[in-house]
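Trainee: here are the coordinates; sequence isn't available:
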């Protein structure tokens, strides 16, 4: 069985048992699989793709649950600082974008077991 989409990865790798089985089948460590699953989970938020998920991770936000708990002003300030230091994205998300992401994260059904 092949995993072709981020939704399929979330479906299979959303549980500890699923990641364990996937690790046994593929030889990919459960730690790496969890990183990928968390990134796929962030992709469910409209406006977050690979670049912004990398920026969020560098800012200390690697899960939807962590994002939901953040203060928009503080997070946006951190994102600007991280991007100035590491130059990960061409355009840092605006405060409104950051607020929207946090609101989406609060509303999303949980799909990843940690």
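Mentor: Alright, I've got the coordinates. All values derive from a computational prediction rather than experimental measurement.

Trainee: from here on, contacts and neighbour counts on C-alpha atoms
Mentor: Will do.

Trainee: what's the domain layout of the protein?
Mentor: According to automatic domain parsing, the chain comprises the domains 1-42, 47-108.

Trainee: right, and the ones you listed - which one's nearest residue 114?
Mentor: Smallest distance to residue 114 across those (C-alpha to C-alpha): 6.9 Å, for domain 1-42.

Trainee: tell me the mean pLDDT for the closest one?
Mentor: Across domain 1-42, the average pLDDT comes to 96.

Trainee: and that domain, how far out from the chain's middle?
Mentor: The chain centre lies 13 Å from the centre of domain 1-42; the measure is C-alpha atoms, centre = their mean, to the nearest Å.

Trainee: which residues are in contact with the top helix by length along the chain?
Mentor: Secondary structure of the chain per DSSP state H: the longest helix is helix 72-86. By C-alpha atoms under 8 Å, 6 or more residues apart in numbering, the surrounding residues in contact with helix 72-86 are 55-56, 58-59, 89, 92-95, 98-99, 102.

Trainee: Apply the buried test to the residues you listed and list what passes.
Mentor: Among the contacts of helix 72-86, those that count as buried by neighbour count (16 or more other C-alpha atoms under 10 Å) are 55-56, 58-59, 92-93, 98-99, 102.

Trainee: mind putting the contacts of helix 72-86 in a markdown table, secondary structure included?
Mentor: Below are the contacts of helix 72-86 laid out as a markdown table (DSSP: H, G, I helix; E, B strand; the rest coil):
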| residue | secondary structure |
| --- | --- |
| 55 | helix |
| 56 | helix |
| 58 | helix |
| 59 | coil |
| 89 | coil |
| 92 | coil |
| 93 | coil |
| 94 | coil |
| 95 | helix |
| 98 | helix |
| 99 | helix |
| 102 | helix |
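
Trainee: Just flag the most distant two among these.
Mentor: Based on C-alpha to C-alpha, the longest span within the contacts of helix 72-86 runs between 89 and 102 and measures 19.1 Å.

Trainee: if I look at residue 76, how far off is residue 45?
Mentor: 16 Å (C-alpha to C-alpha, to the nearest Å).

Trainee: do residue 31 as well
Mentor: Applying C-alpha to C-alpha, the value for residue 31 to residue 45 is 22 Å.
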